[in-house]
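Chemist: just the structure for this:
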Amino acid sequence: LMNKDINSVAVLGSGTMGAGIAALAADNNCKVLLLDISEDVVKKGKERIVSEKKPLLSDLEKINNVEIGTFENDFHKIKNYDWICEVVVEEINIKRDIFKKIEEHRNANSIVSSNTSGIPLKDITKDMTEELLKNVCITHFFNPVEVMKLCELIPGEKTNKEIINKLSIFLSKVFNKGVVYGKDTVNFIGNRIGCFFMLKGLHEGKIARSKGISLEEIDSLLSKPIGLPPTGLYGLIDLIGLDVMHSVGKNLATNLPDNDAGLPFTKLPSEEQNLFNNKQLGRKTGGGFYRIKKLDNGEKVKETFDLDNGEWNTFKKIQSEKDLNIILEDSDLGNLVWNVMGSTLLYAANLIPEIADDILNIDRAMRWGFAWQMGPFEIIDKLGPKNVITKCLDKNQELPKMLQVLEKSGNEFFYNENMYLDLDGIYKEISN
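Modeler: This next block holds a predicted model:
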């Protein structure tokens, strides 16, 4: 039973993510069933896969691997599929309804997963049969599916280990994903740390602006100098959308543990809240913190929104000469980067074993899911953990758990050739 490979995938939901997952499966010669609420909706999903502008297939012939249908007429067909992947809207009751239907129609050997990014698996599967609970997990893909390397794999309390192994092999070998193992905690790994960086960043950005540091300058520091993508902080939020940040914040406020360092930052600062209220959400609405304005002569100019007086100004390009050590620098700019990036590193160092069992899964999640050049623990190693510890002491900040483990172990770094330090302060081999 357990050695049977995954050769077919039923994808429930044909939006951006669903179409992306279906395309990846079809492109890799799996038989695919793509279902949605109506013929119209599912046809749109299929069109997305073969769109002329940007097809999701390397070979358009592979669309023949995809059968489409509706929940109402074709749900029973899932019994012929090895892996059933639910990708419907982030709405607990809708997901639960779909899962009850899955329970009714699946074959006993199938693996079932949800692509939720924010709803705990235990809530989706509450009161469902043992049979389902043994075969269920979360496969959290990052958008766009065909580009982003990360897939977070999250078992439930009763999930059979074999299921996780089988899916992990399939995701890495067939889908060519970087798999990380998370736990059924709010926002899993990548978004737990990434959203802390963004939300804390907005609050620290407000303080920095009051010291005369511009948006452009903040983004020029929170990007290349510290090994983050060129979007920086505000550019990244423009890409994601303030509406998404707003709902992520609400979800975190409800589901973060009581003493979590992220709790004070789950609400948008007042200036960003105003943008949200005015539906100035980012690229999806034609502008957020930045916009591209078309002049009458057809030229395009980039503009920056002044959060404090509500006006658009010409964007000033800044090439920062700084490098990673800005995090430790004692200056206004250094404090900004310490308070945003430094606190994100410390946050990550406090989340083992809560969100993952080891530093490896956290570092991989941030590299593969947020395109950081190095993960949090690799960055601490590069800065020199002793220097980070000294900085914490200087600032009267409590040492996070993994830095305590490192200090107690008497070792100097989290990584040592192809070994990483585990929670017990012992080096373990990095295996693929």
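
Chemist: contacts only, for Val301.
Modeler: Counting by CB atoms under 8 Å, 6 or more residues apart in numbering, Val301 touches Ile292, Lys293, Leu295, Thr314, Phe315. Just so you know, the C-beta spots here come from the backbone N, C-alpha and C atoms, and that holds for glycine as well.

Chemist: so it bridges to which residues?
Modeler: Legend: beta-bridge partners of Val301 under DSSP bridges are Lys293.

Chemist: quick one: Lys206 from Gly298, how far?
Modeler: For Lys206, the distance to Gly298 (CB to CB, to the nearest Å) stands at 36 Å.

Chemist: neighbour count: the two, which is higher?
Modeler: Shown here are Lys206 and Gly298; by other CB atoms under 10 Å, Lys206 has more neighbours (15 against 6).

Chemist: show me the strands in the stretch 51-200 of the chain, by range?
Modeler: Assigned by DSSP state E, counting those that start in this stretch, the strands in the stretch 51-200 of the chain fall at 66-70, 83-86, 111-114, 136-141, 150-155, 178-181.

Chemist: whoops, I mixed them up, the stretch 251-400 of the chain
Modeler: 290-294, 300-306, 311-314.

Chemist: just the buried residues of stretch 178-191, please?
Modeler: Buried residues in stretch 178-191, counted by 16 or more other CB atoms under 10 Å: 178-191.

Chemist: closest one to Glu417 among the strands of the stretch 251-400 of the chain?
Modeler: strand 290-294 (42.3 Å; CB to CB).

Chemist: now mean pLDDT and distance to Ala26 too, for the strands of the stretch 51-200 of the chain, in a markdown table please.
Modeler: Shown next, in a markdown table, are these (pLDDT from 0 to 100; distance: least, CB to CB, whole Å):
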| stretch | mean pLDDT | distance to Ala26 |
| --- | --- | --- |
| strand 66-70 | 98 | 5 |
| strand 83-86 | 98 | 13 |
| strand 111-114 | 98 | 18 |
| strand 136-141 | 98 | 15 |
| strand 150-155 | 98 | 17 |
| strand 178-181 | 98 | 20 |
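
Chemist: nearest to Leu333, of those?
Modeler: Here strand 150-155 is closest among the strands of the stretch 51-200 of the chain (CB to CB), at 30.4 Å.

Chemist: for that closest one, list the C-alpha coordinates in PDB.
Modeler: Written as PDB, here are the backbone C-alpha positions of strand 150-155 (Å, rounded to 0.1, in the frame of the first residue of the first chain):
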ATOM      1  CA  LEU A 150       9.000  26.500  -1.000                       C
ATOM      2  CA  CYS A 151       6.400  24.000   0.000                       C
ATOM      3  CA  GLU A 152       5.700  23.700   3.800                       C
ATOM      4  CA  LEU A 153       4.500  20.300   4.800                       C
ATOM      5  CA  ILE A 154       2.600  20.200   8.000                       C
ATOM      6  CA  PRO A 155       1.300  16.900   9.600                       C
END
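
Chemist: the nearest residue to Lys100 once chain neighbours are set aside: neighbour count?
Modeler: Nearest non-adjacent residue to Lys100, counting by CB to CB, 6 or more residues apart in numbering: Met128, 7.6 Å away. Using other CB under 10 Å, Met128 is surrounded by 17 other residues.

Chemist: check contacts around Met128.
Modeler: Residues near Met128 by CB under 8 Å, 6+ apart: Phe99, Lys100, Glu103, Val136.

Chemist: phi first, then psi, for Ser58.
Modeler: phi -80, psi -30 (degrees, to the nearest 10).

Chemist: neighbours of it, how many?
Modeler: Neighbour tally, Ser58, other CB under 10 Å: 11.

Chemist: wait, it sits on Ala26?
Modeler: No - between Ser58 and Ala26 there is no contact under CB atoms under 8 Å: 10.2 Å.

Chemist: what's the spacing between the residue nearest to Lys100 and Leu233?
Modeler: Met128 is 40 Å from Leu233, where distance means CB to CB.

Chemist: average pLDDT for the top helix by length along the chain?
Modeler: As assigned by DSSP state H, the longest helix anywhere in the chain is helix 190-210. Averaged across helix 190-210, the pLDDT comes to 98.

Chemist: what of stretch 235-252?
Modeler: The average pLDDT for stretch 235-252 rounds to 96.

Chemist: just stretch 339-356 next, same as before
Modeler: In this model, stretch 339-356 has a mean pLDDT of 98.

Chemist: buried set for that stretch?
Modeler: Within stretch 339-356, the residues scored as buried using 16+ other CB under 10 Å are 339-352, 355-356.

Chemist: repeat for stretch 96-110
Modeler: Buried residues in stretch 96-110, counted by 16+ other CB under 10 Å: Arg96, Ile98, Phe99, Lys101, Ile102, Arg106, Ser110.

Chemist: can you tell me what sits against it?
Modeler: 1, 4, 12, 71, 75-76, 78-84, 86, 88, 112, 114, 124-126, 128-129, 131-132, 135.

Chemist: so what's Asp5 scoring on pLDDT?
Modeler: Per-residue pLDDT puts Asp5 at 85.

Chemist: give the contact list for it.
Modeler: Applying CB under 8 Å, 6+ apart to Asp5 gives the contacts Asp82, Lys166, Phe170.

Chemist: and Thr139, how many neighbours?
Modeler: Neighbour count of Thr139, defined by other CB under 10 Å: 26.

Chemist: is it bridged to anything, and to what?
Modeler: Residues in beta-bridge contact with Thr139 (DSSP bridges): Leu153.

Chemist: so who does it touch?
Modeler: So Thr139 contacts Cys85, Ser113, Ser114, Asn115, Cys151, Glu152, Leu153, Leu167, Leu171 (CB under 8 Å, 6+ apart).

Chemist: ok, Trp368 next?
Modeler: Contacts of Trp368 (CB under 8 Å, 6+ apart): Phe142, Met148, Lys149, Leu150, Gly178, Val180, Gly190.
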